[in-house]
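Visitor: below: sequence and its predicted model.
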Amino acid sequence: MNIFFQPLLGLPFIILFAVAALAIIGFGFYARARGMILRSAGGALLVLALLNPVLHLDEREPVKDIALLVVDHSDSQKLGTRMAETDKAAEDIKKRVDELGNTELRITTVTSGGPEGGTRAFAALNRALGDIPQSRFAGAIFITDGEIHDAPDGKALAQLPGPIHGLISGAKNESDRKLVIDHAPEFTLVGQSARISFHVEDQGGSGAGVPITLTQSGVEPKQLTVAPDAAAEVNVDITHAGKNYISLSAELRPGEISSANNTDLATINGIRDRLRVLLVSGQPNPGERTWRNLLKADSAVDLIHFTILRPPEKQDGTPVSELSLIPFPTKELFIDKLDKFDLVIFDRYQREAILPDEYIANIADYVKNGGALLVASGPDFAEADGLASTPLDDVLAAQPVGTITEQPFKPLLTEIGERHPVTQNLKGASRTDPTWGKWFRLIDATPADAGSTQTLMSGPDNKPLLVLRHVENGRVAQILSDQGWLWARGFDGGGPEAEMLKRIAHWLMKEPELEEERLAAHAMANDIVVDRYGLGDDYKTVSAKSPSGKTQDVALTKVGPGHFVGRFMPQEPGLYVLRDGALEAVAGAANGDAKEQSDLLATTKKLEPVAAATGGGVAWLADGMPRLGKQSPGAAYAGSGWMNLKANGLTRTVAVREWALSTSIFSLAVLLLVASLMWWREGR
């Protein structure tokens, strides 16, 4: 309630009237006139009436304070009885806030597994604070195991207009063992060793050596023992190109809260050293330069090009001493060091005396012993003195029939070609209407052995065009045309010659990603995805073996020609082994949210600085729920066994009432009474 004035006249007139009244009253007192007290009262009342006092009354009601409850439902809270303790404490807090009165409780739940990983409890607090006026904030209570990964420095929240309290779930005396890989190389050459450094944190352990198991696909598990809390190293052999998964697992110690962080994974990409390619060219042709450009463009390829520029039948009598070409080391290449090459390519080679049968036979042996041979055939292959008439005949993928088809055609995929990784999903490919350009010549031939050959592409009348063959330990690919260079030149729209030749070369060199029958697996989000590639029509299931030895069948679904996919959620961290008959693949299942699983022990250390800076406190639920109350703003809101929220004492106006005192009946009655008394006094 308060009083203010709304003058009936201008203030100068009221002042003038008051001065005049004061002068008259003063003169009356000076002259000792009768009734001056009543006259003074009447004058004062008249001045007051001109000022028009107004009585102002507000009707107000209290405004509820707002408290925040942040409930931690992250992965680490799922250990032991933490989640049950947390939910019970949350219900208890809701009841106690209701009993406090004049307080609204807003609840936000925090989970893990977001883009940044970990428990982002303070990010949730900041979002909630954005909807609360600072003047109404009464404080925040966190119910958590203390493993919060975005806790700020205490000083950052010192100006928060309310306290932050923490209630910690879990036990005070928990113990845990954690293995951490500190460093692993991203790339290592195939056939070499990679060094992995790691350490084991044994919180609550006895200090004895920790048994470690190293698991790697295709290699027997390796056992070693390391000292806890000390740097350790181990060497692993990189056995194949592509991703090599290595798992290090510390033995589970009795009494550990969880084994989730006992295992860590490293992925090392195996890369090949420089590829050594021997290109043997016969009759000069437009495709010869295409071969050179393709191979020389790859900095990882060491190319030796053996080309016959001056065959014996074209001798012109020029003395050898006058020739500018140096003698080519044919014996060194084709006898002594042939096995050093990763790939041998014959491009339109015709039988010549320069390479005797002994050299050609050595190439056939090279293939049978695991070598790779690619033959690009031209018209010379159809002739009687072509490569089929040499000792290389035993390993060729196709045998000529002696005729040549010369007409425009587009290479087509065969049924197997749709499924084979060399031509599968090749850009522009189709079994009926490919979008690439035409070729004009095909060397008629028949596959050498139906059991070991695969025809991936065909020409007119389904004649074989691209044929692959397994020869004992080696592989052979044969392109029955010399027209591939048309694609490289962009004729008639061109085609994916470079990609096709790259895939052929990698298949010849037994790259795992291009095997006809292949099993692959990789982690995706929280699942493991299994890819089964093959030339068959249907694949039902593969088996998955967990790190602890448990097996399960994973159903497969066809997603494309020769491609089947399965998916399952791993229940353990570590390496999972997938098998389908003789095929095997591995995939690493990590610990889910790495930040969340890195530290699992309940702790007060992360919340204490923030609570102290805001006047709050941190307590263990294991010690019982502290008393909850409210208090006026102060420096401390918590103590032993109690924690308080801030009482802001805010109110709001719901109604306003005003009375003009000078114009009310009561005020008129007072003026009339005073005038009557003055008249009565004057009449005596």
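Guide: Okay, I see it.

Visitor: at which residues are the strands of the stretch 301-450 of the chain located?
Guide: 301-307, 343-347, 372-376, 398-405, 412-413, 442-447 (DSSP state E, counting those that start in this stretch).

Visitor: would you turn those strands into CSV with distance to residue 359, mean neighbour count and mean pLDDT?
Guide: C-beta coordinates here come from the backbone N, C-alpha and C atoms, glycine included. Putting the strands of the stretch 301-450 of the chain into CSV (distance: least, C-beta to C-beta, whole Å; neighbours: other C-beta atoms under 10 Å; pLDDT from 0 to 100) gives the following:
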stretch, distance to residue 359, mean neighbour count, mean pLDDT
strand 301-307, 11, 17, 78
strand 343-347, 11, 24, 89
strand 372-376, 14, 25, 92
strand 398-405, 21, 17, 94
strand 412-413, 36, 20, 96
strand 442-447, 23, 21, 94
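
Visitor: can I get the ones you listed in TSV with distance to residue 271?
Guide: Shown next, in TSV, are the strands of the stretch 301-450 of the chain (distance: least, C-beta to C-beta, whole Å):
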stretch	distance to residue 271
strand 301-307	14
strand 343-347	17
strand 372-376	18
strand 398-405	33
strand 412-413	31
strand 442-447	34
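
Visitor: of all those strands, which lies closest to residue 601?
Guide: Residue 601 lies closest to strand 301-307 among the strands of the stretch 301-450 of the chain, at 53.4 Å (C-beta to C-beta).

Visitor: returning to what we had before: for the strands of the stretch 301-450 of the chain, which one sits closest to residue 554?
Guide: strand 412-413 (29.4 Å).

Visitor: show me the helices in the stretch 301-450 of the chain, by range?
Guide: Using DSSP state H, counting those that start in this stretch, the helices found in the stretch 301-450 of the chain span residues 330-331, 357-368, 379-382, 415-419.

Visitor: what's the closest of those helices to residue 238?
Guide: Using C-beta to C-beta, the helices of the stretch 301-450 of the chain put helix 357-368 closest to residue 238, at 25.4 Å.

Visitor: packing partners of the closest one?
Guide: Packing contacts for helix 357-368, counted by 3 or more C-beta pairs under 8 Å, 6 or more residues apart in numbering; DSSP states H and E, involve strand 372-376, strand 474-479.

Visitor: make CSV out of those and add distance to residue 408.
Guide: Shown next, in CSV, are these (distance: least, C-beta to C-beta, whole Å):
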stretch, distance to residue 408
strand 372-376, 20
strand 474-479, 18
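
Visitor: centre-most residue in this structure?
Guide: Residue closest to the average C-alpha location in the chain (C-alpha atoms, centre = their mean): residue 115, at 6.7 Å.

Visitor: ok, for residue 563, nearest residue in space, not its chain neighbours?
Guide: Leaving aside its chain neighbours, residue 563 sits nearest to residue 533 (5.8 Å; criterion: C-beta to C-beta, 6 or more residues apart in numbering).

Visitor: all strands of the stretch 51-200 of the chain, in order?
Guide: Going by DSSP E, counting those that start in this stretch, the stretch 51-200 of the chain shows strands at 53-62, 65-72, 103-110, 137-144, 164-168, 176-183, 187-189, 193-203.

Visitor: can you redo those as JSON lines with mean neighbour count?
Guide: Converted to JSON lines, the strands of the stretch 51-200 of the chain look like this (neighbours: other C-beta atoms under 10 Å):
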{"stretch": "strand 53-62", "mean neighbour count": "12"}
{"stretch": "strand 65-72", "mean neighbour count": "24"}
{"stretch": "strand 103-110", "mean neighbour count": "16"}
{"stretch": "strand 137-144", "mean neighbour count": "26"}
{"stretch": "strand 164-168", "mean neighbour count": "27"}
{"stretch": "strand 176-183", "mean neighbour count": "18"}
{"stretch": "strand 187-189", "mean neighbour count": "14"}
{"stretch": "strand 193-203", "mean neighbour count": "18"}
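
Visitor: can you redo those strands as JSON lines with distance to residue 640 and mean pLDDT?
Guide: Formatted as JSON lines, those follow (distance: least, C-beta to C-beta, whole Å; pLDDT from 0 to 100):
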{"stretch": "strand 53-62", "distance to residue 640": "30", "mean pLDDT": "74"}
{"stretch": "strand 65-72", "distance to residue 640": "21", "mean pLDDT": "94"}
{"stretch": "strand 103-110", "distance to residue 640": "23", "mean pLDDT": "94"}
{"stretch": "strand 137-144", "distance to residue 640": "17", "mean pLDDT": "94"}
{"stretch": "strand 164-168", "distance to residue 640": "14", "mean pLDDT": "95"}
{"stretch": "strand 176-183", "distance to residue 640": "29", "mean pLDDT": "92"}
{"stretch": "strand 187-189", "distance to residue 640": "58", "mean pLDDT": "90"}
{"stretch": "strand 193-203", "distance to residue 640": "28", "mean pLDDT": "93"}
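
Visitor: looking at those strands, spot the one closest to residue 545.
Guide: strand 176-183 (21.1 Å).

Visitor: do you know which of the strands of the stretch 51-200 of the chain lies nearest residue 437?
Guide: Taking the strands of the stretch 51-200 of the chain one by one with C-beta to C-beta, strand 187-189 is closest: 37.6 Å.

Visitor: tell me which residues touch the closest residue to residue 396 other than its chain neighbours, please.
Guide: Excluding the flanking residues, the one nearest residue 396 by C-beta to C-beta, 6+ apart is residue 448, at 5.7 Å. By C-beta atoms under 8 Å, 6 or more residues apart in numbering, the residues touching residue 448 are 396-399, 467, 469.

Visitor: how far away is residue 448 from residue 359?
Guide: Using C-beta to C-beta, to the nearest Å, residue 448 is found at 21 Å from residue 359.

Visitor: again with residue 17
Guide: Distance of residue 17 to residue 359, computed by C-beta to C-beta: 135 Å.

Visitor: cool, and residue 290?
Guide: 25 Å.

Visitor: tell me which of these two has more neighbours.
Guide: residue 290 (21 against 17; other C-beta atoms under 10 Å).

Visitor: ok, residues contacting stretch 128-139?
Guide: Residues from elsewhere that reach stretch 128-139 (C-beta under 8 Å, 6+ apart): 63-68, 70, 103, 106, 108, 160-165, 614, 616, 630, 637, 644-648, 650.

Visitor: end to end, how far does stretch 635-652 reach?
Guide: 26 Å (C-alpha to C-alpha, to the nearest Å).

Visitor: sorry, back to before: in a markdown table: the helices of the stretch 301-450 of the chain, plus distance to residue 275 and mean pLDDT.
Guide: Formatted as a markdown table, the helices of the stretch 301-450 of the chain follow (distance: least, C-beta to C-beta, whole Å; pLDDT from 0 to 100):
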| stretch | distance to residue 275 | mean pLDDT |
| --- | --- | --- |
| helix 330-331 | 22 | 78 |
| helix 357-368 | 16 | 91 |
| helix 379-382 | 26 | 88 |
| helix 415-419 | 25 | 93 |
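
Visitor: so which of the ones you listed is nearest residue 98?
Guide: Closest among the helices of the stretch 301-450 of the chain, using C-beta to C-beta: helix 415-419, at 66.9 Å.

Visitor: who touches the nearest residue to residue 532 once chain neighbours are set aside in this structure?
Guide: Spatially, and ignoring its direct neighbours in sequence, residue 532 is nearest to residue 564 (4.3 Å; C-beta to C-beta, 6+ apart). Residues in contact with residue 564 (C-beta under 8 Å, 6+ apart) are 531-534, 539, 556-558.

Visitor: and for residue 650?
Guide: 62-63, 65, 135-136.

Visitor: returning to what we had before: look up how far residue 341 lies from the residue nearest to residue 532.
Guide: Counting by C-beta to C-beta, the gap from residue 564 to residue 341 is 36 Å.

Visitor: off-centre distance for stretch 529-549?
Guide: Remark: stretch 529-549 is offset 25 Å from the chain centroid, using C-alpha atoms, centre = their mean, to the nearest Å.
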